[in-house]
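Novice: structure of the sequence below:
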Amino acid sequence: MHGVAAFTRLVYRRKFTSEDAGRQTLARPKGPSAPPRGLPATLSREFSFPVYELRNGGPAVVIYLHGGAYTSEIVGQHWSLISFIAARTGCDVLVPIYGLAPAHHGLEALELVKEVIAAQDRPVYLAGDSAGGGLALLAAQASPGVTGMTLLAPWLDLAMDNPGIEAIEPYDPWLARPGLRPIADAWANGLDLKDPRVSPIHGDLSGLPPLQLLVGTRDITLADCRTLRDRLPSTTELTYHEEPGALHVYPLLPVPEARGGRQMIVNHVRASVARVV
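Specialist: Residues are numbered from 1 along each chain as shown. Predicted coordinates for the structure are as follows:
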């Protein structure tokens, strides 16, 4: 775990240590969401929000939902993983740029993803990290027929009251619940934080497609990932991996551990798509 440890010392600083810090994050102006120059993505405006498309003409479509605590825009690390998935699977990859808190809210984002799924004429695979992972599971619960799904350290419960978080939080160098609470409230937009329309762990877990779940052991989302693992029906095909010592959404990070995580994602997409085409 030397790569993760070194990255932590050099880069990571907690941003969510207090409710004031969370409110400051909410109030921060949003940055650009366009992909980096050189990435062959086109912008579609046929939906209610912009959707970027990486077209390969493949047999299936991957819809990737970025993280950022529902209040921060997509960044270069996301685009790097998206490009990797597109290149290694041959699938088209669509990236909905859903509206962010505080100007937008959870039900609005879910409607967008459902809209994008319904517009596809090929098998759809869902993937997402952190907040985007929670949104991906919500979309799968609301959209029967999804081919497969990858969740990277998903935010599964806006309430964040799992007792298991207490033991993990001191070792997570990035995330802390106090700063995330006002963001969760803004995203829920008046709904109870445990409402299954914004917190998928409280929703219907039956009938889900083959599901891949990747999480590090120094990540407060680990507690709810374990709960999801244990609550899934035995009929759900689950590929579950905990990376020892790894941080939040480690496949996005510039550390050696990310390479194996990225390859696992690609392998799961390929296997899920191969079953239906």
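Novice: ok, the residue lying closest to residue 98 once chain neighbours are set aside - how many residues close by?
Specialist: Taking Cβ to Cβ, 6 or more residues apart in numbering as the measure, residue 98 lies nearest to residue 109, with 4.0 Å between them; neighbours along the chain are not counted. For the C-beta atoms, the positions are set from N, CA and C on the backbone; glycine is no exception. By the criterion of other Cβ atoms under 10 Å, residue 109 has 25 neighbours.
Novice: swap in residue 59?
Specialist: Counted with other Cβ under 10 Å, residues neighbouring residue 59 total 15.
Novice: next: residue 244.
Specialist: When neighbours are counted by other Cβ under 10 Å, residue 244 registers 10.
Novice: look up how far residue 175 lies from it.
Specialist: Residue 244 sits 18 Å away from residue 175, going by Cβ to Cβ, to the nearest Å.
Novice: where exactly do the strands run in the protein?
Specialist: Per DSSP state E, the chain has strands spanning 42-44, 51-54, 61-65, 92-96, 124-129, 148-152, 211-216, 238-243. These are given in chain order.
Novice: quick one: work out the angle between the fifth one and strand 92-96.
Specialist: Looking back up the chat, that one is strand 124-129. In terms of direction (axes from the mean of the first three to the mean of the last three Cα atoms, to 10 degrees), strand 124-129 departs from strand 92-96 by 50 degrees.
Novice: partners of strand 124-129, with directions?
Specialist: When sheet partners are counted by DSSP bridges, strand 124-129 sits next to strand 61-65 (parallel), strand 148-152 (parallel).
Novice: how big is the angle separating it from strand 211-216?
Specialist: Inter-element angle recorded for strand 124-129 and strand 211-216: 10 degrees (by the same axes, to 10 degrees).
Novice: and strand 124-129, what's buried?
Specialist: By neighbour count with 16 or more other Cβ atoms under 10 Å, strand 124-129 contains the buried residues 124-129.
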